[in-house]
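Asker: 3D, please:
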Amino acid sequence: MNRSEKKDERDAAPRQPAPPRAAPLVPSVPSNPVGFIPPHGGYERLHSYQKALIVYDATLHFCRRFIDKKDRTFDQMVQAARSGKQNIVEGSQVSGTSKELELKLTNVARASLQELLEDYRDFLRTRGLRLWDKNSREALFVRRLGARPDASYESYRTYLETRPPEVCANIIICLIHQTNYLLDQLTAVTIHNALVLAQAGVDVLLLDDDVAMPTGLVISPALWREYFKPRLRSIIDLAREAAPDLLVFYHSDGDFTRLLPDLVEIGVNVINPVQPDCMDAVAIKAEFGDRMALWGTVGTASDWDWGTPDQIRAEVRQRIEQLGPAGLLLAPSYDIDFTPIENIRAFVEVAREYGDA
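Answerer: Purely as a prediction, here's the structure:
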């Protein structure tokens, strides 16, 4: 795991799946996406960011007005709104260099906003308040407000800071739906880019999707299956229509063992980095056999930075004996930025010796 990377280790307790939405998983791609999603950065111009910023500001005011600060829901809702906004920012910043990471951050934003949506629905349900129909007079009014090119929190301030909780919660629910629709459009652009790469003849499609920490997933499997899995499946299926022999590599730090059957199902060929202090490579090999190759598997962060060359040699030999040679792409399972050169040489030497045996 990249030790400089900070993860939002929010509550991963499973939630009840939301009702199915009619929005397509692969919306039509804009014919001229320039300006809709800038090549790199420029998140302030993204409509999805502008809507997510309104949702964050509105949620902050809503919680201050209607939820006790000591209630755990207060922090949960504010953090979910912030995560939705911030992941759009980060996705825009990396869009010029990593479409896979952009998709990951877009999906995290989508999942965070879905959690927030459920919180607002729960707020209404537990208090016996009405949830507006999407075609109700009130919802259509909010939709018209959101269609204005200069829409901001100020467009809704009067309603959000003076109306009763039922009205405020429903307005924010409408805003979340608008934001989610725009995020689906960003997903469509990313799928389009993956398809272009496949048509250009690339051999490998790498999907970078950090969804885990050392002790398990950062979101529930149910949430991953609702938001991440169908979109990853769409990318893989469309790319393989253009390049049937395309290999798909999937990366996530931490322990994502619970997702392995799903990854095999949607067509992932290789997983990385299979960190030995997080995942059991031997058990994975035994269960999935030749259906999934392992890329990495060698060494913990402390092994690489503080261990001895002999320790590295011993682990490399063990990995080859347990996991190889077929289906094993032997590699460090952690970054080696600060690893002593002696440890790197030991890895290369013993890999050559035993790998050729």
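
Asker: then stretch 293-309 to PDB, C-alphas only?
Answerer: Presented in PDB, the C-alpha positions along stretch 293-309 are these (Å, rounded to 0.1, in the frame of the first residue of the first chain):
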ATOM      1  CA  ALA A 293      -3.200 -14.800 -12.100                       C
ATOM      2  CA  LEU A 294      -1.500 -13.100  -9.200                       C
ATOM      3  CA  TRP A 295       0.800 -10.100  -9.800                       C
ATOM      4  CA  GLY A 296       2.900  -9.100  -6.800                       C
ATOM      5  CA  THR A 297       2.700 -11.200  -3.600                       C
ATOM      6  CA  VAL A 298       6.200 -10.500  -2.300                       C
ATOM      7  CA  GLY A 299       7.000  -8.700   1.000                       C
ATOM      8  CA  THR A 300       5.400  -6.300   3.400                       C
ATOM      9  CA  ALA A 301       6.300  -2.700   3.600                       C
ATOM     10  CA  SER A 302       8.600  -3.300   6.500                       C
ATOM     11  CA  ASP A 303      10.200  -6.300   4.800                       C
ATOM     12  CA  TRP A 304      11.200  -4.200   1.900                       C
ATOM     13  CA  ASP A 305      12.400  -1.100   3.800                       C
ATOM     14  CA  TRP A 306      13.900  -2.700   6.900                       C
ATOM     15  CA  GLY A 307      14.400  -6.400   6.100                       C
ATOM     16  CA  THR A 308      17.600  -8.100   5.100                       C
ATOM     17  CA  PRO A 309      18.500  -9.400   1.600                       C
END
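
Asker: Sort out which residues of it are buried, please.
Answerer: Residues of stretch 293-309 classed as buried by neighbour count (16 or more other C-beta atoms under 10 Å): 293-301, 303-305, 307, 309. (Glycine included, C-beta is placed from N, CA and C.)

Asker: Rebuild those as a markdown table, extending it with pLDDT, distance to residue 214 and secondary structure.
Answerer: Below are the buried residues of stretch 293-309 laid out as a markdown table (pLDDT from 0 to 100; distance: C-beta to C-beta, whole Å; DSSP: H, G, I helix; E, B strand; the rest coil):
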| residue | pLDDT | distance to residue 214 | secondary structure |
| --- | --- | --- | --- |
| 293 | 96 | 23 | strand |
| 294 | 96 | 18 | strand |
| 295 | 96 | 19 | strand |
| 296 | 96 | 15 | strand |
| 297 | 96 | 16 | strand |
| 298 | 96 | 17 | strand |
| 299 | 95 | 15 | coil |
| 300 | 95 | 10 | coil |
| 301 | 94 | 10 | helix |
| 303 | 94 | 15 | helix |
| 304 | 96 | 16 | helix |
| 305 | 95 | 16 | helix |
| 307 | 95 | 18 | coil |
| 309 | 96 | 26 | helix |
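
Asker: Give me the helices and strands touching the lowest-mean-pLDDT helix or strand in the chain, please.
Answerer: Of the helices and strands making up the chain, the lowest-confidence element is helix 99-126, at a mean of 82, by mean pLDDT, DSSP states H and E. Of the remaining helices and strands, those touching helix 99-126 by 3 or more C-beta pairs under 8 Å, 6 or more residues apart in numbering; DSSP states H and E are helix 47-66, helix 72-94, helix 165-200, strand 204-208, helix 221-242.
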